[in-house]
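Trainee: sequence first, then the predicted structure:
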Amino acid sequence: MVNGSPGFVFRLDGEIDGVMAARVEDARITGLYCVRNPEKLKRVASDPAHPGVDTVH
């Protein structure tokens, strides 16, 4: 999950390279949002209790 939406965190050599989230309405993807800005990616935090869950602040 990324900001409460289904998403992906892309890593390159162990470092976060990008984040993509999907807006879903009525079981259909209605938008895709991708962030690759290194300044914004610094704010991506992983929850150690749930290593597959990331959040962009």
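Mentor: Perfect, thanks for sending it. Residues are numbered from 1 along each chain as shown.

Trainee: run through the strands of the protein in chain order.
Mentor: Under the criterion DSSP state E, the chain carries strands at the ranges 7-12, 15-25, 28-35, 44-47, 50-56.

Trainee: out of those, nearest to residue 1?
Mentor: strand 50-56 (5.6 Å; CB to CB). For the C-beta atoms, the positions are set from N, CA and C on the backbone; glycine is no exception.

Trainee: which residue lies farthest from the center of the chain?
Mentor: For the chain, the largest distance from the centre (CA atoms, centre = their mean) belongs to residue 26, which lies 21.1 Å off.

Trainee: pull the number of nearby residues for residue 27.
Mentor: Neighbours of residue 27 under the rule other CB atoms under 10 Å: 5.

Trainee: for the chain, which residues score under the pLDDT cut-off?
Mentor: Low-confidence segments of the chain, defined by pLDDT under 70: 45-57.

Trainee: ok, now with 90
Mentor: For the chain, applying pLDDT under 90 flags the ranges 1-17, 37-57.

Trainee: so for stretch 29-41, what gets flagged as buried?
Mentor: 35, 41 (16 or more other CB atoms under 10 Å).

Trainee: measure stretch 28-42 end to end?
Mentor: 30 Å (CA to CA, to the nearest Å).

Trainee: what sits up against that stretch?
Mentor: The contact list for stretch 28-42 (CB atoms under 8 Å, 6 or more residues apart in numbering) reads 16, 17, 18, 19, 20, 21, 22, 23, 24, 56.

Trainee: what's the distance between it and the middle of its chain?
Mentor: With CA atoms, centre = their mean, to the nearest Å as the basis, stretch 28-42 stands 7 Å off its chain's centre.

Trainee: make JSON lines from the contacts of stretch 28-42 and add distance to residue 36 to it.
Mentor: Converted to JSON lines, those look like this (distance: CB to CB, whole Å):
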{"residue": "16", "distance to residue 36": "10"}
{"residue": "17", "distance to residue 36": "7"}
{"residue": "18", "distance to residue 36": "4"}
{"residue": "19", "distance to residue 36": "8"}
{"residue": "20", "distance to residue 36": "9"}
{"residue": "21", "distance to residue 36": "13"}
{"residue": "22", "distance to residue 36": "16"}
{"residue": "23", "distance to residue 36": "18"}
{"residue": "24", "distance to residue 36": "22"}
{"residue": "56", "distance to residue 36": "12"}
